[in-house]
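Colleague: build the 3D model from these lines:
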Amino acid sequence: MRAPFLVAAALFLSTTAEAQRTDRVSPRWVELGPAPIAGGEYSGRVSAVACSPTDPDRYFVGGADSGVWRTTDGGATWESLTDQLPTTAIGAVALAPSDENVVYAGTGEANYANHSRYGLGLYRSTDGGDTWTHLAEDTFAGRAFARIAVDPADPQRLFVAITRAGGFPEMAAAKEHPQRAGPIGVFRSTDGGVTWTQLALPNVSASDVVFEPGSSTTLYAAIGRIYGSPDNGVYKSTDGGGTWTRLTSGLPPVAELGRIALSSAASDPQRLYALVTNPSSATGGGASTRGAFRSDDGGATWSQLGALGSIQASYGWYLCVVGVDPADEDTAFFGGLTLHRTGNAGGSFSNVTPPHVDLHAVAWDASGRLVVGDDGGVHRSTNGGQSWTPLNDGLGTIQFYAGLSTHPTDPRVVLGGTQDNGTNQREAVGVQWTQVFGGDGGWTQIDRSAPNRRFVEYQGTGNLFLTTNGGSSFGYVGGDLFGRNCFLPPFLIDPTDSTRMLYATERLFESTDGGISWSTLSGDLTTGTGAIRSLAIAPSDPDKVYIATNDGLVQASTDGGATFQVVRSGNPGWPRVTRELCVHPTEPLTVFLAVSAFDTEQVLRSADGGLTWKALDAGLPDVPVNVIAVRAALRGAPEEVFAGTDSGLFHTNDGGRTWRRYGKGLPNAPVIDLVIEEDRQRVLLTTQGRGAWRAQLEPRR
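Modeller: The predicted structure follows:
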């Protein structure tokens, strides 16, 4: 068995000679963006914001899958600080109040979605983010950081709220990490994060921890398992975390407690606010807003605030944040799908949602400006949310989904769907993209025989749209489609006949008129509750079709998708849409499979249509693989395989005996899709968190 994926060094080349050879021949990656989407309003999801207490222009933000970023000019420009660390999934960022050069970033995003990836420990900087030390992987890997609270008087003393990784079912986003079921709750370190003590609170997901302002001994913690727990609630310690008291007076019964967010008022240390959600169902529904609460006596008693409404829709497990203005204890902001402000301690509320919905972080800079992180990046307000300024220029945090498309004759044109930022199209040089369709953008297709015909979708079954004018307008073509989906169903144009298309729910649908109408092609191809998450047609023989389902089946068809044979079962991976299957460009029975999980065979090859498989990952670090692409052997040059992993792109040309990182300058972000363009001698990829990138293919040898 390969060594566990525990240290950054395991991801790099093992010999000096190989490293020198790679430096000599490896191409340089070019960032394609979006950074931001055209117009400057939006980038990708930001899960954490920390502002300097003394410099009004210095902020740090944590991207859900894009690492830690810093601005020193109030958001006019941004610098990515952690691209080459082992993971870019960030859940919490904090500056030490007594020494703001000490910065902590907790990895693993505690927003519980299927795309809220597991963490690999803690990052610490003692020089304001210029350099970082990777700590506590053995303690926290496979789980996620919800909050970091640093002692106001001691930068070495910190408390963290640790949760299970997210997803449905629980821990799906952990991708079978071997430490995913490790200890959770609230932990304390007194040596800057090197060693840790689990505190005397329940071993249940902690959703928040905060200091009483000005105190090194009084803290509040929220145990907030999203599905509910008998241990959920708000707890208080007055002895630095040694002992805890559960606070219940005025708060809802424990059966009504899901995720909980806390905030304490700098201007009145006895004032606290809490935002409470209802428990989630096993499939993610039901997590509406239970209520906003206030305490004026250090948590001894609580009162429910005015008619806030359900600001979190039904997914409060993903959206739950509260912040109180440091200069005014009566002014607080409650974030979910929308952002609401009270200026009278909860007597009334007003909707002050920034340009993008889905709030995850609320902070104030040193000049008192409100700074928020949301699914569209970072936004700032100087008037309490009445108006907003986007701070996303150069902030390359877009999260793509699988389904990247390129243009057959114009190498500038790239089309891809993104998390909560629609489908975006690049048509020129640089990092500017234009949003051509809304929602959560998913799979895309460009008709290679008539490239102005392009297909896009948004989340859910049948939400399929066609443009015939290159994206200027779209028409709905999904009316005949039905069934279960992987949030974003995969669909394909037949590479040999652009009038034929396939679309996947729990079954396959076929169109023979270019996607205008659809008919059922197959029966249910799952075990009865799943959906197809990956779909591939052999480029050289469209009768050979392969699928993978989110309930673990890999299946092969030799009649164009009408009937299938199960060729692999118990196949783990991500619940959502993937491109985990890749068919050889000239050999229709040769198929590759990427497995997005730890501690398993993560790259497999079959030469007989899936009947037998050979693992190719003996030399690959133990890291989930999301996508595979292959270059066929040519004129004596061997077959080359590219593996897009949760930590960048790897390459082998010796059948998987050895792997190396491909190219220089690519962040260690999750690679979600990958296209080899042999005619242009380039490779394109998209990431979940660091946008799209391009590099040249290495010359054949």
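Colleague: I'd say A531 and R507 touch.
Modeller: No. A531 lies out of contact with R507 (Cβ atoms under 8 Å); the separation is 9.3 Å. Quick note: C-beta positions are derived from backbone N, CA and C, even for glycine.
Colleague: now do the contacts for W302.
Modeller: 247, 249-251, 274, 293-295 (Cβ atoms under 8 Å, 6 or more residues apart in numbering).
Colleague: any chance of a ChimeraX selection covering the buried ones in those?
Modeller: This is the ChimeraX syntax for the buried subset of these, where burial follows 16 or more other Cβ atoms under 10 Å:
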select :247,251,274,293,294,295
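Colleague: more neighbours, A531 and R507?
Modeller: A531 (25 against 20; other Cβ atoms under 10 Å).
Colleague: what distance do you get for the more buried one to T549?
Modeller: 7 Å (Cβ to Cβ, to the nearest Å).
Colleague: ok, now V204?
Modeller: Distance of V204 to T549, given as Cβ to Cβ: 32 Å.
Colleague: comparing the two, which shows the higher neighbour count?
Modeller: Taking other Cβ under 10 Å, V204 and T549 do not tie; T549 has more neighbours (26 against 18).
Colleague: might one say that that one is in contact with G528?
Modeller: No. Counting by Cβ under 8 Å, G528 is not a contact partner of T549; they are 10.7 Å apart.
Colleague: low-confidence regions, the stretch 351-500 of the chain specifically.
Modeller: Counting by pLDDT under 70, the stretch 351-500 of the chain has no low-confidence residues at all.
Colleague: S47: what's it in contact with?
Modeller: By Cβ under 8 Å, 6+ apart, the neighbours of S47 are 62-64, 90-92, 109-111, 360-361, 373.
Colleague: if you set the cut-off to 10 Å instead, what comes out?
Modeller: 61-66, 89-93, 109-111, 116, 144-146, 321, 360-361, 373-375, 397 (Cβ atoms under 10 Å, 6 or more residues apart in numbering).
Colleague: all the helices of the stretch 1-150 of the chain, residue numbers only.
Modeller: Taking DSSP state H, counting those that start in this stretch as the test, the helices found in the stretch 1-150 of the chain are 16-25, 137-140.
Colleague: if you average pLDDT over each of the ones you listed, which is lowest?
Modeller: Least confident of those, judged by mean pLDDT, is helix 16-25 with a mean of 42.
Colleague: if we can go back for a sec, in TSV, list the contacts of W302 along with pLDDT.
Modeller: Shown next, in TSV, are these (pLDDT from 0 to 100):
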residue	pLDDT
L247	98
S249	98
G250	98
L251	98
A274	98
F293	98
R294	98
S295	98
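Colleague: sorry, back to before: what's the overlap in contacts for T549 and G528?
Modeller: Common neighbours of T549 and G528 (Cβ under 10 Å, 6+ apart) are 484, 506.
Colleague: beta partners of I493?
Modeller: Under the criterion DSSP bridges, I493 forms beta bridges with M501.
Colleague: gap between it and V627?
Modeller: Noted for I493: a distance of 19 Å to V627, by Cβ to Cβ.
Colleague: compare the two (neighbour count), which wins?
Modeller: Counting neighbours by other Cβ under 10 Å for I493 and for V627 shows that V627 has the greater number, 28 against 23.
Colleague: can you tell me, leaving aside adjacent residues, what's nearest to the more buried one?
Modeller: Nearest non-adjacent residue to V627, counting by Cβ to Cβ, 6 or more residues apart in numbering: G644, 4.0 Å away.
Colleague: and the one you found, what does it touch?
Modeller: Residues near G644 by Cβ under 10 Å, 6+ apart: 402, 579-580, 594, 596, 624-629, 650, 662, 670-674, 685-687.
Colleague: again, 6 Å this time
Modeller: The contact partners of G644, by Cβ atoms under 6 Å, 6 or more residues apart in numbering, come to 626-627, 671, 674.
Colleague: again with T342
Modeller: Contact analysis of T342 by Cβ under 6 Å, 6+ apart lists 332, 349.
Colleague: give me phi/psi at it?
Modeller: Dihedral angles phi and psi of T342 (degrees, to the nearest 10) take the values phi -120, psi 140.
Colleague: measure it to V276 for me?
Modeller: 16 Å.
Colleague: give me the neighbour count for the closest residue to H584 other than its chain neighbours.
Modeller: In space, H584 comes closest to T590 once its chain neighbours are excluded; the distance is 3.7 Å by Cβ to Cβ, 6+ apart. Residues lying near T590 (other Cβ under 10 Å) number 21.
Colleague: pLDDT value on T590, please?
Modeller: On the pLDDT scale, T590 is placed at 98.
Colleague: equivalent analysis for the one 5 residues further on, please.
Modeller: With respect to pLDDT, V595 scores 98.
Colleague: what of M1?
Modeller: On the pLDDT scale, M1 gets 40.
Colleague: what residues does A629 make contact with?
Modeller: By Cβ under 6 Å, 6+ apart, the contact list for A629 reads 582, 642, 674, 676.
Colleague: could you do S606 as well?
Modeller: 591, 613.
Colleague: and it, how far is that from I628?
Modeller: Remark: distance between S606 and I628 (Cβ to Cβ) = 12 Å.
Colleague: quick check: pLDDT value at the most centrally placed residue in the chain.
Modeller: By Cα atoms, centre = their mean, the chain has its centre lying nearest to H115, at 4.1 Å. The score at H115 is 95. That number is its pLDDT.
Colleague: how much space between it and L272?
Modeller: Counting by Cβ to Cβ, the gap from H115 to L272 is 31 Å.
Colleague: need the strands for the stretch 551-700 of the chain, in chain order.
Modeller: Under the criterion DSSP state E, counting those that start in this stretch, strands of the stretch 551-700 of the chain are mapped to 554-557, 565-568, 581-583, 591-594, 603-606, 614-615, 625-631, 640-645, 648-652, 660-661, 671-677, 682-687, 692-696.
Colleague: so what strands line up beside the fourth one?
Modeller: What it means is strand 591-594. Partners of strand 591-594 in its sheet, by DSSP bridges: strand 581-583 (antiparallel), strand 603-606 (antiparallel).
Colleague: can you redo these as a markdown table with distance to T283?
Modeller: Output for these, formatted as a markdown table (distance: least, Cβ to Cβ, whole Å):
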| stretch | distance to T283 |
| --- | --- |
| strand 581-583 | 26 |
| strand 603-606 | 30 |
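Colleague: which among these is found nearest to A695?
Modeller: Across the strands paired with strand 591-594, A695 has its closest neighbour in strand 581-583 (18.3 Å, Cβ to Cβ).
Colleague: tell me the average confidence for that closest one?
Modeller: On average, strand 581-583 scores 98.
Colleague: residues in contact with Y227?
Modeller: Counting by Cβ under 6 Å, 6+ apart, Y227 has contacts 279-280.
Colleague: try it again with 10 Å
Modeller: Contacts for Y227 were tallied using Cβ under 10 Å, 6+ apart; they are 112, 164, 168, 170, 205, 258-259, 279-282, 284, 286-287, 317.
Colleague: repeat that for L201.
Modeller: 161, 184-187, 209, 221, 223, 231, 235, 237, 241, 243-244, 246.
Colleague: from those, which is closest to R657?
Modeller: Sorting the contacts of L201 by how near they are to R657, with Cβ to Cβ, puts I184 at the top with 38.6 Å.
Colleague: wait, the closest one sits on S229?
Modeller: No. With contact defined as Cβ atoms under 10 Å, I184 and S229 do not form a contacting pair (11.1 Å).
Colleague: stretch 662-672: end-to-end distance?
Modeller: 15 Å (Cα to Cα, to the nearest Å).
Colleague: now do it: distance to the chain's middle.
Modeller: Mean C-alpha position of stretch 662-672 versus that of the full chain (Cα atoms, centre = their mean, to the nearest Å) differs by 15 Å.
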